[in-house]
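In: Need the 3D shape of this:
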Amino acid sequence: MQTGRGRTSRMRRRKLFKSSESRGVNESYKFEFIELKKWLKDRKFEDPNLTPARFPGTGRGLMSKTSLQVGQMIVSLPESCLLTTDTVIRSYLGTYVTKWKPPPSPLLALCSFLVSEKHAGDQSPWKPYLETLPKTYTCPVCLEPKVVNLLPRPLRAKAQEQRAHVQEFFTSSRDFFSSLQPLFSEAVESIFTYSAFLWAWCTVNTRAVYLRHRQLGCFSAEPDTCALAPYLDLLNHSPGVQVRNPRGHVLFE
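Out: Below is the predicted model:
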C-alpha cells in the first residue's frame, strides 16, 4: 500500500518545507565570521547562542539556537567592541580631529576613520569587522540616475536630495581630508575618494545603533549618537517584528 500521497501528507510536507525555509542557513563556518568571532573574543565578548545565518526574504542575520522570550535581551556588547567617536579620538586621527576648525561633525569623524581603516587593509585592527560589512549598498544615493528616474516622483525627489547632500558633504570635507596627508605615503586624494566616502557614509547611516555620547568640544553641535556595533549589526528581522534598544541593549518583542 502506498503512503504519503494524500492531501494531508502534501500539506504536512509544505508546512515542513516552509518551516525549514524560515529557519535560515547557518553561515558560522565562513572565514569572515570565524575571524570576527576571534576578534570579538579578544575584546571580551562571546555569545554561544547566536550564530550568523542567511534567511529567505531578509538575507543575512543572526539565528538563535534556543527559543527567545518576549522582552528578552538578545545580545549586549561591551564598549571595547564598539566603534564610536571616542574610538576615533583615541586613534591616530584624534590629533587631527581635535585641531581642525571649524570642528568636524561626529559623522565626518566616523566616515574618515572607516575610509582610513579600510585603506589600511591587513594592517587595520578593525579588519575582521570591516570584512563583514557590505562591499556595496543599495541606498537611494547609490542608485544610478537612470534607475532614480524610474522612481515615483516623491521618491525620486528624495533620492536626488540625498545624493546632493552627500556630494556637498564630501566636497566640503576635502580640506579636512587634505590635512590628513602626513598619515599616508600615497596622495590623500587617492584614498578619500567619493566612492570610498560614499561607502563609509552608507555604512554609518545604515548600520549604526543609537548610543548617546557626552558632547565633546572638538566636534560640531550635531548630536553624537552613532555607534557601530560589530556582530550586533548582523541582527535582521522581518518588517512585522518590533525591536527596541534601550541603553544599548537590543530586545526582541
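In: Just say helix, strand or coil for residue 45.
Out: coil (DSSP: H, G, I helix; E, B strand; the rest coil).
In: burial count for it?
Out: 18 (other CB atoms under 10 Å). For glycine as for every other residue, the C-beta is placed from the backbone atoms N, C-alpha and C.
In: Output the below-cut-off pLDDT ranges for the stretch 101-250 of the chain.
Out: 237-250 (pLDDT under 70).
In: quick one: the helices in it?
Out: Using DSSP state H, counting those that start in this stretch, the helices found in the stretch 101-250 of the chain span residues 106-120, 127-130, 145-148, 153-172, 174-179, 194-207.
In: For residue 44, give me its contacts.
Out: 78, 80, 81 (CB atoms under 8 Å, 6 or more residues apart in numbering).
In: Quickly note the distance from the nearest residue to residue 131 once chain neighbours are set aside to residue 89.
Out: Leaving aside its sequence neighbours, residue 131 sits nearest to residue 32 (CB to CB, 6 or more residues apart in numbering; 4.6 Å). Counting by CB to CB, to the nearest Å, the separation of residue 32 from residue 89 is 28 Å.
In: Same question for residue 188.
Out: Counting by CB to CB, the gap from residue 188 to residue 89 is 20 Å.
In: ok so, going back, neighbours of the residue nearest to residue 131, how many?
Out: 16.
In: List the contacts of it.
Out: Residue 32 neighbours (CB under 8 Å, 6+ apart): 128, 131, 132.
In: contacting residues around the last one?
Out: When contacts are counted by CB under 8 Å, 6+ apart, residue 132 is found next to 32, 33, 36, 230, 234.
In: how about a markdown table for those residues, with distance to residue 169 added?
Out: Listed next are these as a markdown table, based on distance: CB to CB, whole Å:
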| residue | distance to residue 169 |
| --- | --- |
| 32 | 29 |
| 33 | 32 |
| 36 | 29 |
| 230 | 25 |
| 234 | 27 |
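In: if we can go back for a sec, dump the helices of the stretch 101-250 of the chain into a markdown table; add mean neighbour count and distance to residue 65 as well.
Out: As requested, these are exported to a markdown table (neighbours: other CB atoms under 10 Å; distance: least, CB to CB, whole Å):
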| stretch | mean neighbour count | distance to residue 65 |
| --- | --- | --- |
| helix 106-120 | 23 | 31 |
| helix 127-130 | 19 | 22 |
| helix 145-148 | 12 | 40 |
| helix 153-172 | 14 | 39 |
| helix 174-179 | 14 | 44 |
| helix 194-207 | 19 | 24 |
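In: Dump these to TSV, plus distance to residue 49.
Out: Shown next, in TSV, are the helices of the stretch 101-250 of the chain (distance: least, CB to CB, whole Å):
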stretch	distance to residue 49
helix 106-120	29
helix 127-130	20
helix 145-148	40
helix 153-172	37
helix 174-179	42
helix 194-207	22
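In: To residue 213, which of the ones you listed lies closest?
Out: helix 106-120 (7.9 Å; CB to CB).
In: what angle separates that closest one from helix 153-172?
Out: Between the axes of helix 106-120 and helix 153-172, defined by axes from the mean of the first three to the mean of the last three CA atoms, to 10 degrees, the angle is 70 degrees.
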